[in-house]
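Undergrad: generate a structure from the sequence data that follows.
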Amino acid sequence: MELVYKKEKSLFIIAAVISLIFWAALIIGTLGIALVYILLAYLAFLFAHSGFITHLKGNGVRITESQYPDLHSRLLQCCKKVGLEQVPEAYLLRTDFFNALATKFLGRHFVVLFTDVVDALENQPGAMNFYIGHEIGHIHRKHLVWNPILFPAMIMPILGAAYRRAEEYTCDRYGVACCESDADVRAALAAIAAGDSRWKSINVDAYLGQVATTNGFWMSFNELTSDYPWLTKRLATALAIKNGGDIKHPRRHVFAWILSMFVPRFGAGGAASMLATVALIGVLAAIAIPAYQEYVQKAHIAVAYEAAITVRNQAAEYLMKEKEWPGSMADLGYSTEVTVDPTGRYEIGIYEGGVVGVNVGNNANGESQYVVLEPAVESGELSWICYGKNLKENLLPSACQ
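TA: Coordinates of the predicted model:
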């Protein structure tokens with residue numbers, strides 16, 4: 001039986017290429033400074049994760065030859081079955097979660113079995129092989145090693161969630177390989193679906209019939225943005241594999257694919273990912289919109305300033321010819337005393353003493369904002385001073401700041 005889900009390898013290659021390009025660009029673009037932050041992030045994760053590992057070792061019961069030998073024997077059998085040479089440490093832990101997990105700390109791998117699962121499957125102990133095999137799959141496939149490296153690609157829409165689901169399908173195959181019968185596979189996944197006691201009376205055929213309902217828009221969208229396939233599909237796929245067959249699931253809704261392209265992976269499922277995306281868009285909009293508005297205003301002021309330079313030069317020529325400053329724009333040959341830009345973005349006027357003023361609109365307080373070019377004569381030399389009135393300095397052209 002092929003242990004690796006058919007889509008995992010191709011998705012891994014795509015994710016690896018994207019991530020390696022990202023990390024290379026980040027390190028080169030920051031001249032290696034990013035490595036310092038990556039190291040600090042790793043140290044922070046190490047300290048945070050150490051809390052769970054120490055809790056596990058201090059409160060969990062380590063599974064050994066002398067402590068729960070039945071579970072230890074299953075662990076050894078599963079490792080041998082899938083070719084995992086280094087047997088991970090295994091613990092039994094009391095929690096409120098109904099599942100199992102694999103983790104890694106400083107190069108050492110751990111498999112954690114939760115007591116609720118073990119208790120629920122007391123009368124079907126072979127089903128524990130599925131949980132053990134599934135977690136061993138994560139270790140054998142080095143998912144725990146690669147996931148941090150693939151992080152840039154893992155947050156991408158569709159790709160990140162698709163790769164995580166592929167990992168789960170692969171690990172389900174490991175679980176199936178470790179089980180002796182399809183009854184064990186059925187019990188393991190039925191217990192997740194129906195609970196620690198009700199799984200015994202679940203109508204598996206009826207439950208598998210729910211697969212047909214997963215092709216609707218909302219079902220498709222929430223699966224495409226989730227890290228886990230629907231459990232009905234997992235059970236149907238696992239049973240088909242155990243019985244040497246294949247299975248084809250219903251096609252997902254086309255519009256769900258389109259919408260999913262705009263939802264980054266946050267590892268929290270479709271609805272939560274969508275809310276996180278909306279929140280992220282809101283934050284970005286709160287930053288980007290004012291910045292864009294300021295950029296547009298600055299561009300308009302730059303255009304107005306160039307027009308003021310033209311009027312300034314005309315006023316200087318008028319002074320040389322007439323020996324006095326023009327009293328208005330009309331003296332320079334314009335049709336009106338104050339010239340309004342055709343787009344209505346500014347208006348230019350000449351005031352007492354040859355001062356050129358460009359009205360570029362009102363500020364938040366309703367005050368008129370001006371770019372001012374004021375002449376100054378020293379030792380017979382004409383020069384110009386540029387400044388703003390009721391206008392933020394950062395909006396002024398560089399020559400006026």
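
Undergrad: now do the helices in the protein.
TA: Taking DSSP state H as the criterion, the chain carries its helices at 8-29, 33-59, 69-82, 115-120, 128-140, 143-149, 151-154, 159-178, 182-194, 204-209, 217-224, 231-242, 254-260, 270-322.

Undergrad: centre of the chain to the fifth one, how far?
TA: Helix 128-140 has its C-alpha centroid displaced from the chain centroid by 28 Å (Cα atoms, centre = their mean, to the nearest Å).

Undergrad: what's it packed up against?
TA: For helix 128-140, the contact count by 3 or more Cβ pairs under 8 Å, 6 or more residues apart in numbering; DSSP states H and E identifies helix 69-82, strand 100-105, strand 108-114, helix 115-120, helix 159-178, helix 182-194 as packing neighbours. C-beta coordinates here come from the backbone N, C-alpha and C atoms, glycine included.

Undergrad: go again with 7 Å.
TA: Applying 3 or more Cβ pairs under 7 Å, 6 or more residues apart in numbering; DSSP states H and E, one finds that helix 128-140 contacts helix 69-82, strand 100-105, strand 108-114, helix 159-178, helix 182-194.

Undergrad: of the ones you listed, flag the one that's most buried.
TA: Mean neighbour count (mean count of other Cβ atoms under 10 Å) peaks for helix 159-178 among the helices and strands packed on helix 128-140, with a mean of 23.

Undergrad: send me that one as CSV with only the CA atoms.
TA: What follows is helix 159-178, C-alpha atoms only, in CSV (Å, rounded to 0.1, in the frame of the first residue of the first chain):
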residue,chain,number,x,y,z
LEU,A,159,-2.1,26.0,-1.2
GLY,A,160,-1.5,26.1,2.6
ALA,A,161,-4.7,24.4,3.5
ALA,A,162,-4.5,21.9,0.7
TYR,A,163,-1.0,20.8,1.8
ARG,A,164,-2.2,20.4,5.4
ARG,A,165,-5.2,18.3,4.2
ALA,A,166,-2.8,16.2,2.1
GLU,A,167,-0.7,15.6,5.2
GLU,A,168,-3.7,14.4,7.1
TYR,A,169,-4.7,12.0,4.2
THR,A,170,-1.2,10.7,4.2
CYS,A,171,-1.1,10.1,8.0
ASP,A,172,-4.5,8.4,7.7
ARG,A,173,-2.9,6.0,5.3
TYR,A,174,-0.2,5.3,7.9
GLY,A,175,-3.0,4.7,10.5
VAL,A,176,-4.7,2.3,8.1
ALA,A,177,-1.4,0.4,7.5
CYS,A,178,-1.1,-0.2,11.2
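
Undergrad: quick one: it to strand 100-105, angle?
TA: Between helix 159-178 and strand 100-105, the angle comes out at 110 degrees (axes from the mean of the first three to the mean of the last three Cα atoms, to 10 degrees).

Undergrad: how many degrees apart are helix 159-178 and helix 69-82 in direction?
TA: Using the same axes, to 10 degrees, helix 159-178 lies at 110 degrees relative to helix 69-82.

Undergrad: so of the helices of the chain, which one's packed in deepest?
TA: The highest mean neighbour count among those, using mean count of other Cβ under 10 Å, belongs to helix 128-140: a mean of 27.

Undergrad: what's next to that helix, contact-wise?
TA: Residues outside helix 128-140 that contact it (Cβ atoms under 7 Å, 6 or more residues apart in numbering) are 71, 74-75, 78-79, 82, 84, 88, 100-102, 109, 111, 113, 117-118, 121, 144, 170-172, 174-175, 177-179, 184-185, 188.

Undergrad: any chance of the helices and strands packed on helix 128-140 in TSV, plus mean pLDDT and distance to residue 322?
TA: As requested, the helices and strands packed on helix 128-140 are arranged in TSV below (pLDDT from 0 to 100; distance: least, Cβ to Cβ, whole Å):
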stretch	mean pLDDT	distance to residue 322
helix 69-82	94	97
strand 100-105	90	86
strand 108-114	93	91
helix 159-178	95	72
helix 182-194	93	93
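
Undergrad: longest strand of the chain?
TA: strand 368-378 (DSSP state E).

Undergrad: which stretch among the helices and strands packed on helix 128-140 comes nearest residue 258?
TA: Closest of the helices and strands packed on helix 128-140 to residue 258 is helix 159-178, at 15.1 Å (criterion: Cβ to Cβ).

Undergrad: what's that closest one packed up against?
TA: Counting contacts by 3+ Cβ pairs under 7 Å, 6+ apart, helix 159-178 is packed against helix 8-29, helix 69-82, helix 128-140, helix 151-154, helix 231-242.

Undergrad: distance check, the closest residue to residue 81 other than its chain neighbours against residue 108.
TA: Residue nearest to residue 81 in three dimensions, not counting chain neighbours: residue 178, with 5.4 Å by Cβ to Cβ, 6 or more residues apart in numbering. With distances taken as Cβ to Cβ, to the nearest Å, residue 178 is found 22 Å from residue 108.

Undergrad: cool, residue 320 as well?
TA: According to Cβ to Cβ, residue 320 stands 87 Å off from residue 108.

Undergrad: just to revisit the earlier point, OK, contacts around the residue nearest to residue 81?
TA: The contact partners of residue 178, by Cβ under 7 Å, 6+ apart, come to 78, 81, 129-130, 132-133.
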